[in-house]
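Asks: My questions concern the predicted model and sequence given below.
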Amino acid sequence: MNIETTVNLELQSRIRPDDDTLCDDELAAEAAAAFARACSPDTQRLLPAPNTPQPHARRRILDSEQYERLLRRARTEDLSEISGIGCLYQSGVDRLGRPVVVFIGKWFPIADIDLDKALLYLIKLLDPLVRGDYVIAYFHTLASSANHPPFSWLKEVYTVLPYKYKKNLKAFYIVHPTFWTKMMTWWFTTFMAPAIKAKVHNLPGVEYLYSVMQPHQLDVPAFVTEYDMTINGIHYFQPDSNNT
């Protein structure tokens with residue numbers, strides 16, 4: 001409702017249909033008073049600006065535009081220095097036919113890579129996969145502090161990725177977790193990403209994944225399985241054949 005309409009409504013409420021004795025001076029005084037009230041700062045704050053998006057709607061628009069820009073860059077820029085590391089790739093599907101994305105922590109040298117390009121490569125790989133359900137298997141095997149991504153970067157990644165990434169992620173498996181990974185995931189899923197907290201699973205060995213995917217669908221480096229056998233032995237877990 002604009003100022004003119006506010007003034008007109010107030011005047012109409014003060015004039016009775018059978019009262020034609022009001023003089024022009026009285027009408028002018030009433031109009032001036034109503035106009036002053038409508039123009040006051042308190043009144044103006046109550047009048048919404050026409051066609052102004054709400055803050056959360058503007059935030060969604062800005063996030064969507066940022067993601068589209070990053071996606072265009074991911075499709076056009078040379079990301080071979082990241083893809084060549086081999087730390088992130090798709091490895092088959094699980095028992096429900098959902099694509100499995102593998103991340104090898106030991107092969108993610110923070111000091112030697114461009115984290116901006118790492119984000120672009122993540123988007124390039126995942127964008128076609130996250131249109132449906134998917135799972136992630138993160139192997140922290142033999143990773144050290146040199147492979148720990150900064151929290152600020154993890155926050156940026158989670159913030160820039162649209163809702164479909166969170167919604168369609170059905171499980172996030174952490175294999176060979178350490179105190180650091182448990183603390184980071186607790187902090188992150190408690191304060192930043194509570195929506196995925198129930199989807200995070202810490203697994204002490206590779207073979208625990210076989211309850212959710214066939215062994216031939218899981219492609220991991222030799223050092224992962226070698227380390228796994230040294231701490232867990234051979235064939236330490238037999239999945240339930242009925243468990244999907």
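Replies: Now that the structure is in, tell me what you want to look at.

Asks: Give the other helices and strands that the longest helix seen in the chain contacts.
Replies: In the chain, with assignment by DSSP state H, the single longest helix is helix 55-76. Other helices and strands packing on helix 55-76, by 3 or more Cβ pairs under 8 Å, 6 or more residues apart in numbering; DSSP states H and E, are helix 115-126, helix 151-160. Heads up, the C-betas are built off the backbone N, CA and C, glycines and all.

Asks: can you give me the helices in the chain?
Replies: Going by DSSP H, the chain shows helices at 3-14, 24-39, 41-46, 55-76, 80-83, 115-126, 151-160, 163-168, 179-187, 222-232.

Asks: pretty sure Y236 contacts P204?
Replies: No. Using Cβ atoms under 8 Å, Y236 makes no contact with P204, being 9.3 Å away.

Asks: Could you list the low-pLDDT ranges of this protein?
Replies: 1-60, 239-244 (pLDDT under 70).

Asks: re the thing from before, need the contact partners of the longest helix of the chain.
Replies: The contact list for helix 55-76 (Cβ atoms under 8 Å, 6 or more residues apart in numbering) reads 53, 119-121, 123-124, 127, 159-162.

Asks: Skip the chain neighbours and tell me the closest residue to A193.
Replies: Spatial nearest neighbour of A193, excluding adjacent residues (Cβ to Cβ, 6 or more residues apart in numbering): Y158 at 5.8 Å.

Asks: mind listing what the one you found touches?
Replies: 188, 192-193.

Asks: buried residues in stretch 169-179?
Replies: Using 16 or more other Cβ atoms under 10 Å as the burial criterion, the residues of stretch 169-179 that qualify are 169-178.

Asks: In those residues, find the pair that's most separated.
Replies: Greatest spatial distance among these (Cβ to Cβ): K170 and T178, at 24.2 Å.

Asks: can you tell me which of the buried residues of stretch 169-179 are in strands?
Replies: In this view, the buried residues of stretch 169-179 that belong to strands under DSSP state E are 169-175.

Asks: Export these to CSV and append columns for distance to Y134.
Replies: Shown next, in CSV, are those (distance: Cβ to Cβ, whole Å):
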residue, distance to Y134
L169, 6
K170, 7
A171, 9
F172, 10
Y173, 12
I174, 16
V175, 17
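
Asks: What is the nearest of these to M183?
Replies: Using Cβ to Cβ, those come closest to M183 at I174, 12.0 Å.

Asks: Sweet, I'm off.
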